[in-house]
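**Q** 3D, please:
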Amino acid sequence: MQTKTILIRGGLVQDAVHREPRKVDLLLAGGKIAAIGENLDATADAEVLDAAGLQVFPGFVDAHTHIGLDGYGIGYEGCDYNEMNDIWTPQLRAIDGINPRDPSLAHARKAGVTCVCTGPGSANVLGGTFLAMKTIGDRVDNMIVKDPVAMKCAFGENPKRCYRDKCDSTRMSTAAFLRGALNQARDYGARKQAANGDVTKMPAYNQKLEALLPVLDGTIPLKAHAHQANDIFTALRIAHEFGLRLTLEHVTEGHLIVDELAKEANVPMAVGPSLTFASKFELQNKSWATPGVLAKAGCHVSIITDNSVIPQQYLPLCAGMAVKAGMDPFDALRAITLNAAEHIGVADRVGSLEVGKDADVVITDGSPFEVMTEVRAVFIDGEMIRA
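**A** Numbering: from 1, shown residues only. The predicted model follows:
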């Protein structure tokens with residue numbers, strides 16, 4: 001892709017690395033951030049953008065959505081984020097269901113949300129793999145930042161409600177389904193390894209178990225939907241039992257168990273969606289204070305929309321609501337930039353303004369946490385975006 005060389009001159013840069021903003025220039029070239037510094041020289045081919053009086057941020061990142069899989073303004077025809085015919089479907093891949101032309105992606109990039117983690121599952125005990133992608137493009141294959149990112153699993157009300165008349169009506173059976181799947185996959189992987197390439201000794205191919213092998217070997221984490229405190233602990237318990245990497249998603253009652261969660265130093269936590277009515281019992285204790293309480297205790301915190309639960313474009317406003325409830329503003333910025341990128345394993349490319357990273361940049365006329373702030377420009381891979 002051919003990109004222009006852009007010099008963003010004189011903006012107040014909040015790079016998500018340094019706590020204090022800096023008045024510096026950014027040079028974007030070849031789709032990357034080529035230089036950051038004071039009074040950078042414009043190359044002959046550079047287009048200069050005067051950002052004096054404006055604020056410059058990394059492109060916003062959402063670590064947990066279903067965007068592109070839950071169609072905007074459409075019903076069943078565009079609903080592709082939960083396979084309701086089977087309680088465990090680890091073989092499903094987000095890439096096969098995403099519609100890049102869904103209007104929600106245009107809404108997202110217009111608001112400065114440049115990278116999202118999206119995928120299937122929340123009703124299923126195992127829902128399939130998530131991916132990370134940019135929010136612009138006509139073909140999803142060309143939008144990918146990382147695939148797969150994680151394997152979705154779910155605890156709590158959703159599986160037992162959706163499958164209560166089929167196979168799952170208690171939290172105990174949800175946990176048992178997951179343990180059973182992981183044990184089967186572990187046995188399957190051991191048999192494959194023991195066969196040492198001899199096809200006559202290999203176990204019969206099993207698409208579900210094959211999909212779980214990257215979870216067992218630590219290549220990708222389980223992405224665990226858990227709102228209620230007991231469900232959060234079940235997710236942690238199973239991850240520890242099997243020696244798995246884990247990310248916690250939603251963490252609605254995290255503020256109630258913060259002392260315990262602070263002990264889980266290697267478990268990233270994505271909090272939300274909080275801009276919603278408490279539509280079920282496990283949401284009764286939801287609070288805008290949760291991300292701030294967890295961050296203050298030293299937890300690794302992101303803020304999420306769970307799009308389409310909250311429209312994707314309101315991600316920065318969710319961070320603003322957390323600030324209003326007491327979260328440190330720098331922690332809130334990182335919760336929708338660098339922390340979110342780290343949560344989904346793409347911080348080498350996005351999440352902060354650093355030399356060598358993708359040129360995903362948002363320019364605003366004020367704090368993105370404020371509802372009246374206007375997004376003046378958005379760059380994705382160095383290309384100015386107009387949604």
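
**Q** check the spatially most central residue of the chain and give its pLDDT.
**A** With distances taken as Cα atoms, centre = their mean, residue 63 lies nearest the centre of the chain, 1.3 Å away. Looking at residue 63, its pLDDT reads 99.

**Q** that one falls within a strand, correct?
**A** Yes - according to DSSP: H, G, I helix; E, B strand; the rest coil, residue 63 belongs to a strand.

**Q** for the helix ranked longest in the chain, what is the distance to the chain centroid?
**A** Taking DSSP state H as the criterion, the chain has its longest helix at helix 171-195. How far helix 171-195 lies from its chain's middle: 26 Å, per Cα atoms, centre = their mean, to the nearest Å.

**Q** got it, and stretch 142-161?
**A** 10 Å.

**Q** show me what counts as buried in it.
**A** For stretch 142-161, the neighbour count (16 or more other Cβ atoms under 10 Å) marks 143-160 as buried. In this view, the C-beta of every residue, glycine as well, is placed from N, C-alpha and C.

**Q** which ones among the residues you listed map onto strands?
**A** 144, 145, 146, 147, 148, 149, 150, 151, 152, 153, 154 (DSSP state E).

**Q** closest to residue 91 among those?
**A** Checking those against residue 91 by Cβ to Cβ gives residue 151 as the nearest, at 10.4 Å.

**Q** what residues are up against the closest one?
**A** Applying Cβ atoms under 8 Å, 6 or more residues apart in numbering, we find residue 151 in contact with 90, 126, 128-130, 211-212, 214-215, 220-223.

**Q** any low-confidence regions in this structure?
**A** Residue ranges of the chain with pLDDT under 70: 1-2, 386-387.

**Q** for it, what spans make up the helices?
**A** Using DSSP H, helices in the chain cover 103-110, 157-162, 171-195, 207-216, 229-242, 258-261, 290-296, 315-324, 329-335, 338-343.

**Q** for the ones you listed, which one ends up most surrounded?
**A** Highest mean neighbour count of these: helix 338-343, a mean of 26 (counted as mean count of other Cβ atoms under 10 Å).

**Q** helices and strands around that helix, which ones?
**A** Judged by 3 or more Cβ pairs under 8 Å, 6 or more residues apart in numbering; DSSP states H and E, the packing partners of helix 338-343 are strand 60-65, strand 113-118, strand 301-303.

**Q** residues of stretch 279-289 that come out buried?
**A** 282, 283, 285, 286, 287, 288, 289.

**Q** the spatially closest residue to residue 101 that is not a sequence neighbour - how many residues pack around it?
**A** Excluding the flanking residues, the one nearest residue 101 by Cβ to Cβ, 6 or more residues apart in numbering is residue 138, at 7.1 Å. For residue 138, the tally of surrounding residues (other Cβ atoms under 10 Å) stands at 8.

**Q** and residue 138, how far is that from residue 317?
**A** Relative to residue 317, residue 138 is positioned 28 Å away (Cβ to Cβ, to the nearest Å).

**Q** again with residue 40
**A** According to Cβ to Cβ, residue 40 and residue 317 sit 32 Å apart.

**Q** and if you look at residue 330?
**A** Applying Cβ to Cβ, the value for residue 330 to residue 317 is 17 Å.

**Q** can you list contacts of stretch 33-48?
**A** 4-7, 9, 13, 15, 23-29, 353-359, 361.

**Q** just the ones of these in strands?
**A** Short answer: these in strands (DSSP E) are 5-7, 9, 13, 23-29, 361.

**Q** just the buried ones from these?
**A** Buried among those by 16+ other Cβ under 10 Å: 5, 6, 7, 9, 13, 24, 25, 26, 27, 28, 29, 361.

**Q** using a markdown table, lay out those together with distance to residue 325.
**A** Below are these laid out as a markdown table (distance: Cβ to Cβ, whole Å):
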| residue | distance to residue 325 |
| --- | --- |
| 5 | 42 |
| 6 | 37 |
| 7 | 38 |
| 9 | 36 |
| 13 | 27 |
| 24 | 31 |
| 25 | 35 |
| 26 | 32 |
| 27 | 37 |
| 28 | 35 |
| 29 | 40 |
| 361 | 28 |
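
**Q** ok, which pair from those is furthest apart?
**A** Largest pairwise distance in those, by Cβ to Cβ, is 18.1 Å, between 5 and 13.

**Q** a markdown table for the helices of the chain, including distance to residue 304?
**A** Formatted as a markdown table, the helices of the chain follow (distance: least, Cβ to Cβ, whole Å):
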| stretch | distance to residue 304 |
| --- | --- |
| helix 103-110 | 13 |
| helix 157-162 | 16 |
| helix 171-195 | 22 |
| helix 207-216 | 21 |
| helix 229-242 | 15 |
| helix 258-261 | 16 |
| helix 290-296 | 10 |
| helix 315-324 | 8 |
| helix 329-335 | 9 |
| helix 338-343 | 8 |
